[in-house]
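Enquirer: Prediction below, plus the sequence it came from.
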Amino acid sequence: MKSNTRKTLDEFIIEKQEDFQYSTGELSRLLNSILLAARVVSYKVNKAGLVDITGSVGVVNVQGEEQKKLDVYANDVFIQTLVNREIVCGIASEENDNFITIQGFDNGHNNKYVVLMDPLDGSSNIDVNVSVGTVFSIYHRVSPLGSPVTMEDFLQPGINQVAAGYILYGTSTMIVYTTGKGVNGFTLNPAIGSFYLSHPNMKYPERGSIYSVNEGNYVHFPQGVKNFIKYCQEEKDDRPYSSRYIGSLVSDCHRNLIKGGIFFYPPTTKAPKGKLRLLYECNPMAFITEQAGGIATDGFKRTLEIQPTELHERTAFYCGNSDMVKKMMESIEKAGDGNTARE
């Protein structure tokens with residue numbers, strides 16, 4: 001099917017408007033704002049190497065990580081697009097110390113939604129021309145309309161998400177998102193700037209055969225995780241499984257959603273609470289994972305049921321095919337590792 005016969009994302013959003021719990025058109029406008037920012041970032045990512053946008057800016061962010069030039073650029077683009085369109089009442093970004101309160105042009109705080117995001121996941125890959133992405137999460141505010149947003153608006157469990165998605169900047173630019181009614185993927189046609197439905201009703205394959213983890217940290221993993229890796233490597237039945245790791249959460253999870261597999265970033269002796277951010281990375285990916293028929297957990301508890309206690313909270317994360325995640329959890333329980341992810 002040629003792209004010009006496919007449904008555009010704009011058409012799809014309008015068609016699914018009635019599925020939204022708060023169907024006023026505001027969420028549709030919010031998703032379209034994210035699309036606009038994604039187009040701008042995609043254009044800049046594709047020019048990396050031709051313009052001075054690679055490398056670091058010499059600044060360490062709140063996560064203790066060195067900021068790349070594209071981190072800063074993507075963060076600014078998404079924030080400014082959302083602010084200028086008066087779509088949300090607050091934004092929290094992995095790149096900012098605190099959340100941003102947005103006051104409308106009418107000096108009010110009457111917008112209904114907050115957005116949490118990792119504006120450029122895997123940005124260290126930019127310098128070597130490897131896929132990166134954006135992850136976003138949308139919640140309905142819990143504070144009263146007309147008042148400034150509060151921390152409680154952002155510290156909501158992932159089960160409260162209204163919508164979540166990721167944008168993959170790879171050989172093509174894709175957005176994959178859910179509003180709790182399944183998962184759909186759209187691919188950008190850069191010639192005309194429109195996203196077209198390319199992956200309808202995305203589901204994990206019945207069985208997975210890929211495991212994605214940074215095995216360089218193997219010696220620091222809990223014993224149950226080590227045992228699972230050994231299980232994946234055994235030559236038995238349909239194993240050994242393939243080991244694939246890109247180093248970008250978006251890229252790794254997207255491949256496993258298409259091909260079937262498990263992504264995991266467990267707690268380690270160096271990062272006993274885990275490394276990935278619960279609000280910016282794990283919750284949106286968990287929402288997508290579950291809507292696609294998979295499982296997302298910290299090894300002991302459903303990721304979407306974790307109650308956040310701080311904006312930049314970290315957690316262990318395992319997501320992907322149900323059969324592989326269940327096997328991982330069995331391995332952790334059998335090893336008696338203890339709930340290191342939540343202690």
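Expert: Yes, it's here. These numbers come from a predicted model, not from an experiment.

Enquirer: So for stretch 17-31, first residue to last residue, what's the gap.
Expert: 11 Å (C-alpha to C-alpha, to the nearest Å).

Enquirer: mean confidence score for it?
Expert: Mean pLDDT, stretch 17-31: 71.

Enquirer: Determine whether the claim that residue 219 is in a helix is correct.
Expert: Yes - assessed with DSSP: H, G, I helix; E, B strand; the rest coil, residue 219 lies in a helix.

Enquirer: For it, the count of nearby residues, please.
Expert: Around residue 219 there are 9 other residues, counting by other C-beta atoms under 10 Å. (Each C-beta comes from the backbone N, C-alpha and C, glycine too.)

Enquirer: do the same with residue 47
Expert: Neighbours of residue 47 (other C-beta under 10 Å): 11.

Enquirer: And for residue 215?
Expert: 12.

Enquirer: That one touches residue 247, doesn't it?
Expert: No - at 11.8 Å, residue 215 and residue 247 do not qualify as touching, with contact defined as C-beta atoms under 8 Å.

Enquirer: Name the surrounding residues that touch stretch 211-223.
Expert: Under the contact criterion C-beta atoms under 8 Å, 6 or more residues apart in numbering, stretch 211-223 has outside partners 225-226, 228-229, 232, 241-247, 252, 255-256, 261-270, 324, 332, 335, 337, 340.

Enquirer: any idea how far it is from the chain center?
Expert: 21 Å (C-alpha atoms, centre = their mean, to the nearest Å).

Enquirer: again with stretch 272-284
Expert: For stretch 272-284, the distance to the chain centre is 10 Å (C-alpha atoms, centre = their mean).

Enquirer: got the buried residues for it?
Expert: Buried residues in stretch 272-284, counted by 16 or more other C-beta atoms under 10 Å: 273-284.

Enquirer: And stretch 41-48, by the same measure?
Expert: 41-42, 44-45, 48.

Enquirer: looking at it, residue 243 is touching residue 209, isn't it?
Expert: No - with contact defined as C-beta under 8 Å, residue 243 does not reach residue 209; the gap is 10.6 Å.

Enquirer: Please say which of those two ends up with more neighbours.
Expert: Regarding residue 243 and residue 209, a neighbour count based on other C-beta under 10 Å identifies residue 209 as having more, with 18 against 14.

Enquirer: and residue 322, what does it touch?
Expert: Neighbours of residue 322 in contact, by C-beta under 8 Å, 6+ apart: 204, 293-295.

Enquirer: Counting only strands, which of those residues make the cut?
Expert: residue 295 (DSSP state E).

Enquirer: By neighbour count, which of the contacts of residue 322 wins?
Expert: These, ranked by neighbours (other C-beta under 10 Å): first place residue 294, 28 neighbours.

Enquirer: tell me the pLDDT at the closest residue in space to that residue that isn't next to it in sequence?
Expert: Leaving aside its sequence neighbours, residue 294 sits nearest to residue 204 (C-beta to C-beta, 6 or more residues apart in numbering; 4.8 Å). pLDDT, residue 204: 98.

Enquirer: list the contacts for residue 204?
Expert: Residue 204 neighbours (C-beta under 8 Å, 6+ apart): 256-257, 260, 292-294, 320-322.

Enquirer: next one: residue 172
Expert: 187-188.

Enquirer: Dump the contacts of residue 322 into JSON lines; add distance to residue 37 as well.
Expert: Listed next are the contacts of residue 322 as JSON lines, based on distance: C-beta to C-beta, whole Å:
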{"residue": "204", "distance to residue 37": "28"}
{"residue": "293", "distance to residue 37": "29"}
{"residue": "294", "distance to residue 37": "27"}
{"residue": "295", "distance to residue 37": "30"}
